[in-house]
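>>> Following is a predicted model, sequence given first.
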Amino acid sequence: MSSRVAGLGIGLVFGVALSWSGMTSPNVIRQALLFEHAYLFLFFASAVAVAAVGLALLRRFRSRAVLTGAPTTWAPERPQRRHIAGALVFGLGWGVSNACPGPIATQVGQGILWGVFPFAGVVLGVYLYLRVRQTEFEPASDFARASAAGAEPVAASAQ
């Protein structure tokens, strides 16, 4: 099975889970952001718990990704300015639109018209990020080759 087909399947299951759980409803998100209901936070906590257990098991028993065979190594990283800035932008967008990227994609997939506007914002934000990020690296072909090989591109200033 190709990684694209697997990614599509995982994305569909994720979208169904978001829709089934009510996460595509701005009311559910708004109630959580206003601390009126704990549902969203409990949902997130369960996702973090499942991820923590999965990562612990992956680190202990498997050294390669199931779909690609690539090594699954990672190292803890201290928070940096870019993490704080990204969290602020994400939180601002979440608060303004009452949705984050997963529910937005699910809304569009369900044909919910008002989901198109936040989706356009996400697409524009990703485009602008990639445009800015690409200028930090050597030629775009180096960036594409490193990404295709599954490696992190090396910043031009680090060479």
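Looks like it came in fine. Residues are numbered from 1 along each chain as shown.

>>> Read off the pLDDT value for residue 81.
Here the pLDDT value assigned to residue 81 is 91.

>>> Might you list the low-confidence residue ranges for this structure?
In the predicted model of the chain, residues 1, 62, 136-159 satisfy pLDDT under 70.

>>> In this protein, mark out all the helices, start to finish.
3-21, 26-33, 39-61, 81-97, 101-110, 116-135, 140-148 (DSSP state H).

>>> I'd like to know which of those lies nearest to residue 70.
helix 3-21 (9.9 Å; CB to CB). All C-beta spots, glycine's among them, are computed from the backbone N, C-alpha and C.

>>> which one of the helices of the chain has the most crowded surroundings?
helix 101-110 (a mean of 20; mean count of other CB atoms under 10 Å).

>>> Which secondary structure elements does it sit against?
Applying 3 or more CB pairs under 8 Å, 6 or more residues apart in numbering; DSSP states H and E, one finds that helix 101-110 contacts helix 3-21, helix 116-135.

>>> Contacts for the longest one next, please.
In other words, helix 116-135. 89, 93, 97, 99, 101, 104, 105, 107, 108, 140, 143 (CB atoms under 8 Å, 6 or more residues apart in numbering).

>>> same deal with the first one?
Contacts made with helix 3-21 from outside it, assessed by CB under 8 Å, 6+ apart, are listed as 24, 43, 67, 68, 102, 103, 105, 106, 109, 110.

>>> so which of those residues comes closest to residue 2?
Among the contacts of helix 3-21, and counting by CB to CB, the member closest to residue 2 is residue 67, at 8.4 Å.

>>> Quick check: the gap between that closest one and residue 18.
22 Å (CB to CB, to the nearest Å).

>>> what does residue 91 give?
Noted for residue 91: a distance of 19 Å to residue 18, by CB to CB.

>>> Nearest approach to residue 33 belongs to which of the helices and strands packed on helix 101-110?
Closest among these, using CB to CB: helix 116-135, at 14.7 Å.

>>> Could you export the closest one as PDB, CA atoms only?
Only the C-alpha atoms of helix 116-135 are listed here, as PDB (Å, rounded to 0.1, in the frame of the first residue of the first chain):
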ATOM      1  CA  VAL A 116     -14.800  27.600   3.000                       C
ATOM      2  CA  PHE A 117     -13.700  30.900   4.500                       C
ATOM      3  CA  PRO A 118     -11.500  29.500   7.300                       C
ATOM      4  CA  PHE A 119     -10.200  26.900   4.800                       C
ATOM      5  CA  ALA A 120      -9.100  29.800   2.500                       C
ATOM      6  CA  GLY A 121      -7.300  31.300   5.500                       C
ATOM      7  CA  VAL A 122      -5.500  28.100   6.200                       C
ATOM      8  CA  VAL A 123      -4.400  27.700   2.600                       C
ATOM      9  CA  LEU A 124      -3.200  31.300   2.400                       C
ATOM     10  CA  GLY A 125      -1.400  30.900   5.700                       C
ATOM     11  CA  VAL A 126       0.400  27.700   4.600                       C
ATOM     12  CA  TYR A 127       1.300  29.300   1.200                       C
ATOM     13  CA  LEU A 128       2.800  32.400   2.900                       C
ATOM     14  CA  TYR A 129       4.600  30.200   5.400                       C
ATOM     15  CA  LEU A 130       6.200  28.100   2.600                       C
ATOM     16  CA  ARG A 131       7.100  31.200   0.600                       C
ATOM     17  CA  VAL A 132       8.900  32.700   3.600                       C
ATOM     18  CA  ARG A 133      10.400  29.400   4.700                       C
ATOM     19  CA  GLN A 134      11.700  28.700   1.200                       C
ATOM     20  CA  THR A 135      13.800  31.900   1.100                       C
END
